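Trainee: Generate coordinates for the sequence data below:
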Amino acid sequence: MELSGNRGPSAVNLFYSFLRLGLTAFGGPAMIAHIKELSVTRKRWLDEATFNDGIVLCQSIPGATAMQMAAYVGLKTRGLTGALLAYTGFGLPAFLLMLVFSAVYMEHRSLSLVTSLFNGLQVIVVAIVAHAAYSFGRRGIKSMRDVFIVLASSGLLLAGVNPFAVIAASAASGALFFRNKTPFPAIAVETSKVKSPAKSTVFLTIAFAAALFILFFIHRGLALLAFTMLKVDLFAFGGGFASVPLMFHEVVTLRGWMDGKSLMDGIALGQITPGPIVITATFVGYLLYGMTGAVVSTIAVFTPSLLILAFAAPVFERMKTSELFNGAVKGILASFVGLLLFVVIKFGVAVPWDTARLLLACAALIALVKKIDILYVVLAGAALSLILF
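Mentor: Residues are numbered from 1 along each chain as shown. You can find the predicted model right below:
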């Protein structure tokens, strides 16, 4: 429930607060602590129970968790308008910086200095994804059934099975085998005071669908890009890193829009910008269709999960008590570890390994395991790349 007697932030205050926070939004899910400090401790827009319930919700649905939490705070304080303001403010710095980096990359990627830089950064990307697989696996893999789903997911992907089909099969398996297990703790909150922006959400959903329909007749390439990123977002359970194997499949394997190395470069750039790793969608859109492609790709990769959040928040109390729902989520999260292992293999194969690259990858992985900030790891890796390669 919202804090009694607190009218909540103004629209300008909400947008500005999350814009400032978005400027330093490094570390992905680690930003949730800063969002809590802003909205619960400092501003007192929400009480702790309501905020904690938002964490459970945002981990249960697709999308970048920190971005979803920003939208959740906006949703609980000013309805759908607040969600849009907080979501946009939090993500805008990452989008603008990625635009700049993408333009510079397009103009100068053939220079020897830039080539040396990204020769090293692709090794750092392998370490980042490997660490993500390790972190999520250590936290989420608790039984042999989890291990089976992880190994089966990786094996199916290596055999060429569509990752979206793997996720769907994992959800069905989880609903069947994990029905009495809940992946997250239940948190009691009052739902009678939750604002339900149902009509506004339906209107926004229709408007988004209409825009995609119109885009299809205006520019088929942009429409395909939008549908691709929309699909990536809809299946990105487990946070922003879940988008990496899905984007790799769509952009590199299925569409052939760029090679694996170029996508790895985009992921590396995504790690030196604030915000979620899924901002790589901006990079992909820019390389394909310039500024227009960047805008279309970014909107498409963030909008579906925002709409899901707006629809799910009012009914989440019933969702989280469903054995089938909890089992399906647990199955999806287990498959996510398998998807990350698959990407580690695919990215690793793309690297021309030698002693220097192997040592750099090991050093980066150890630094990440020791909880050194990912931004420092990437920047240090970039500096070493210029020296070594």
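
Trainee: how long is stretch 240-259 end to end?
Mentor: 21 Å (CA to CA, to the nearest Å).

Trainee: Let me know the average pLDDT across it.
Mentor: Mean per-residue pLDDT for stretch 240-259: 87.

Trainee: And for stretch 148-161?
Mentor: For stretch 148-161, the per-residue pLDDT averages 84.

Trainee: Flag every buried residue along that stretch.
Mentor: Buried residues in stretch 148-161, counted by 16 or more other CB atoms under 10 Å: Ile149, Val150, Ala152, Ser153, Ser154, Leu156, Leu157. The way it works is simple: take the backbone N, C-alpha and C, and place the C-beta from them, glycine included.

Trainee: right, and the third one touches Leu339 too?
Mentor: Pointing back at Ala152 there. No. Under the criterion of CB atoms under 8 Å, Ala152 makes no contact with Leu339, lying 11.5 Å away.

Trainee: still on that earlier bit, report the two of the buried residues of stretch 148-161 separated the most.
Mentor: Taking CB to CB, the two most distant members of the buried residues of stretch 148-161 are Ile149 and Leu157; they sit 12.4 Å apart.

Trainee: what ranges do the helices span in the stretch 151-300 of the chain?
Mentor: Secondary structure of the stretch 151-300 of the chain by DSSP state H, counting those that start in this stretch: the helices cover 163-177, 198-218, 220-234, 243-247, 260-271, 280-312.

Trainee: Dump those helices into CSV; add mean neighbour count and distance to Thr81 as well.
Mentor: Below are the helices of the stretch 151-300 of the chain laid out as CSV (neighbours: other CB atoms under 10 Å; distance: least, CB to CB, whole Å):
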stretch, mean neighbour count, distance to Thr81
helix 163-177, 20, 32
helix 198-218, 13, 8
helix 220-234, 21, 21
helix 243-247, 26, 26
helix 260-271, 23, 28
helix 280-312, 23, 11
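
Trainee: Dump those to CSV, plus distance to Ala356.
Mentor: Converted to CSV, those look like this (distance: least, CB to CB, whole Å):
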stretch, distance to Ala356
helix 163-177, 32
helix 198-218, 46
helix 220-234, 33
helix 243-247, 25
helix 260-271, 17
helix 280-312, 26
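
Trainee: out of the ones you listed, which comes closest to Ile124?
Mentor: Using CB to CB, the helices of the stretch 151-300 of the chain put helix 260-271 closest to Ile124, at 6.5 Å.

Trainee: now the angle between helix 280-312 and that closest one, please.
Mentor: 60 degrees (axes from the mean of the first three to the mean of the last three CA atoms, to 10 degrees).

Trainee: Now do Met1, the pLDDT please.
Mentor: 42.

Trainee: tell me what the lengthiest helix in the chain is packed against?
Mentor: For the chain, the longest helix by residue count, based on DSSP state H, is helix 65-108. Contacts defined by 3 or more CB pairs under 8 Å, 6 or more residues apart in numbering; DSSP states H and E place helix 65-108 against helix 11-22, helix 31-36, helix 48-60, helix 198-218, helix 260-271, helix 280-312.

Trainee: Export only the CA atoms of the next helix or strand along the chain from the longest one, formatted as CSV.
Mentor: Secondary structure here is assigned by DSSP states H and E; on that basis, the next helix or strand after helix 280-312 toward the C-terminus is helix 316-319. As requested, C-alpha coordinates have been extracted for helix 316-319 and formatted as CSV (Å, rounded to 0.1, in the frame of the first residue of the first chain):
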residue,chain,number,x,y,z
PHE,A,316,-0.5,-10.1,-8.9
GLU,A,317,-1.8,-11.4,-5.5
ARG,A,318,-3.7,-14.1,-7.3
MET,A,319,-0.9,-14.8,-9.8
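
Trainee: starting at the chain centroid, how far to the helix or strand of the chain with the lowest mean pLDDT?
Mentor: Every helix and strand in the chain was compared by mean pLDDT, DSSP states H and E; the lowest is helix 316-319, with a mean of 72. Distance, stretch centre to chain centre, for helix 316-319: 23 Å (CA atoms, centre = their mean, to the nearest Å).

Trainee: Then stretch 319-327?
Mentor: 23 Å.

Trainee: quick one: terminal-to-terminal distance for that stretch?
Mentor: Criterion CA to CA; first-to-last residue distance in stretch 319-327 is 11 Å.

Trainee: Just give the closest residue to Leu225, not the sequence neighbours.
Mentor: With sequence-adjacent residues excluded and distances taken as CB to CB, 6 or more residues apart in numbering, Leu225 is closest to Ser297, at 5.5 Å.

Trainee: show me what contacts the one you found?
Mentor: Leu225, Ala226, Met229, Ala281, Thr282, Val284, Gly285, Tyr286, Leu288 (CB atoms under 8 Å, 6 or more residues apart in numbering).

Trainee: give me that answer again for 10 Å
Mentor: Ser297 makes contact with 222, 225-226, 228-230, 232, 279-289 under the criterion CB atoms under 10 Å, 6 or more residues apart in numbering.

Trainee: can you check Pro245 too?
Mentor: Taking CB under 10 Å, 6+ apart as the test, what Pro245 contacts is 129, 153, 157, 163, 166-167, 232, 235-236, 335-336, 338-344, 346.

Trainee: Please narrow these to those residing in strands.
Mentor: Among the contacts of Pro245, no member is found in strands (DSSP state E).

Trainee: so where's the stretch 251-389 of the chain uncertain?
Mentor: Scanning the stretch 251-389 of the chain with the threshold set as pLDDT under 70 gives 317, 320, 375, 389.
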